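> next come a sequence and a model predicted from it.
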Amino acid sequence: QQQVKQSPQSLIVQKGGISIINCAYENTAFDYFPWYQQFPGKGPALLIAIRPDVSEKKEGRFTISFNKSAKQFSLHIMDSQPGDSATYFCAASKVASGSRLTFGEGTQLTVNP
Amino acid sequence: KAGVTQTPRYLIKTRGQQVTLSCSPISGHRSVSWYQQTPGQGLQFLFEYFSETQRNKGNFPGRFSGRQFSNSRSEMNVSTLELGDSALYLCASRNGFRRAGADTQYFGPGTRLTVL
C-alpha cells in the first residue's frame, strides 16, 4: 500500500524558474514530513523538513507548503539552477516510529541552462 | 566528521546465495536504518537498530536480517537471494537519542547488489 503519492514523476524547468513537486499522504498519524535530494551514485540527503503544526517552512530557495486538511505537502524550488538537477523524494513518518520513513516515488528534476 | 560508509559498493551474486552488507555510521550515532531502493518499489524501509537492538522492522520476508555491534556498526544479511533482491541498499544513521524529526538521518552512498 503506497501511503505517500508523489507527482510529477519527472519535471523539466528552465534556469531561474520555479520547480514544484507535490505529495499526498494517507496516514493521518504521520507527523514529520522531510524532503530528500538524491544525486546519481549518492544516497539521499535531507533538504528540508516540516512538522504539521506549521503551514510553510522556508530555507533559502526551498519552501515546503503543508496542507493538513488536504493531507498534502509540496516542495517549491525558487530560482531553479542546473545544479538542482536531481531526484527529489518526499517522505513521511511518525516521530514515535523512530527512523522509519515512508517515501514517495520520486521526481526527477532537470533544470535546463 | 566522516559520513556514513557502506561496503562493498558493488556486489554481484547468483540466485540462492547469501550476502552480507556492512555499514559504518557517523561517529557518535547510535541509530542505523536500512532501506532498499529499486526502480519499481522506490525506497522501502527494512529495519532500524539502536544500541544493538532492533527497534523497528519493515514488511520484508525473514530472508532479510540485520544486526548491530557495540560500536554501532551494522550489517544486513540476505539469504537465499532472488532476482528481485537486486537493488541499491542504503544505510542511514542518526544520533538516535533525540526523537526522530529533531535528529537528521544521514544516508550512505549505498551498496548496489545485482542478483543473476
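Thanks, I have the structure now.

> what's opposite the closest residue to chain A within chain B in the beta bridge?
Nearest to chain A in chain B, going by CB to the nearest CB, is residue B:107, at a distance of 3.2 Å. Every residue, glycine included, has its C-beta placed from N, CA and C. Following DSSP bridges, residue B:107 is listed with bridge partners residue B:92.

> for the closest residue to residue A:101 other than its chain neighbours, pull up the helix or strand it's in.
Leaving aside its sequence neighbours, residue A:101 sits nearest to residue A:91 (CB to CB, 6 or more residues apart in numbering or on different chains; 4.4 Å). Here residue A:91 sits within strand A:86-92, counting by DSSP states H and E.

> would it be right to say that residue A:96 lies in a helix?
Yes. Counting by DSSP: H, G, I helix; E, B strand; the rest coil, residue A:96 is located in a helix.

> and the pLDDT at it?
Here, the pLDDT recorded for residue A:96 equals 73.

> grab the nearest non-local neighbour of the residue of chain A found nearest chain B.
Going by CB to the nearest CB, chain B is nearest to residue A:43 of chain A, at 3.2 Å. Closest residue to residue A:43 apart from its sequence neighbours, by CB to CB, 6+ apart: residue B:107 at 3.2 Å.

> what sits against that neighbour?
Neighbour list for residue B:107: A:36, A:43, A:44, A:45, B:4, B:35, B:90, B:91, B:92 [criterion: CB atoms under 8 Å, 6 or more residues apart in numbering or on different chains].

> can you rerun that using 7 Å?
Going by CB atoms under 7 Å, 6 or more residues apart in numbering or on different chains, residue B:107 touches A:43, A:44, A:45, B:4, B:90, B:92.

> my guess is the fourth one contacts residue B:110, does it?
Looking back up the chat, that one is residue B:4. No. With contact defined as CB atoms under 7 Å, residue B:4 does not count as touching residue B:110 (9.7 Å).

> scan the contacts of residue B:107 and report the most crowded one.
Counting neighbours by other CB atoms under 10 Å in any protein chain shown, residue A:44 comes out on top of the contacts of residue B:107 with 28 neighbours.

> check that one and give its pLDDT.
Here, the pLDDT recorded for residue A:44 equals 96.

> same deal with the one 10 residues further on?
Predicted confidence (pLDDT) at residue A:54: the value is 91.

> tell me which parts of chain A are close to chain B?
A:32, A:41-46, A:49, A:51, A:89, A:93, A:95, A:97-101, A:103, A:105-106 (CB under 7 Å from any CB of the partner chain).

> next, count neighbours for the residue nearest to residue B:38 when sequence neighbours are not counted.
Excluding the flanking residues, the one nearest residue B:38 by CB to CB, 6+ apart is residue B:87, at 4.5 Å. Residues contacting residue B:87 under the criterion other CB under 10 Å number 22.

> before I go, just wanted to say thanks for your time.
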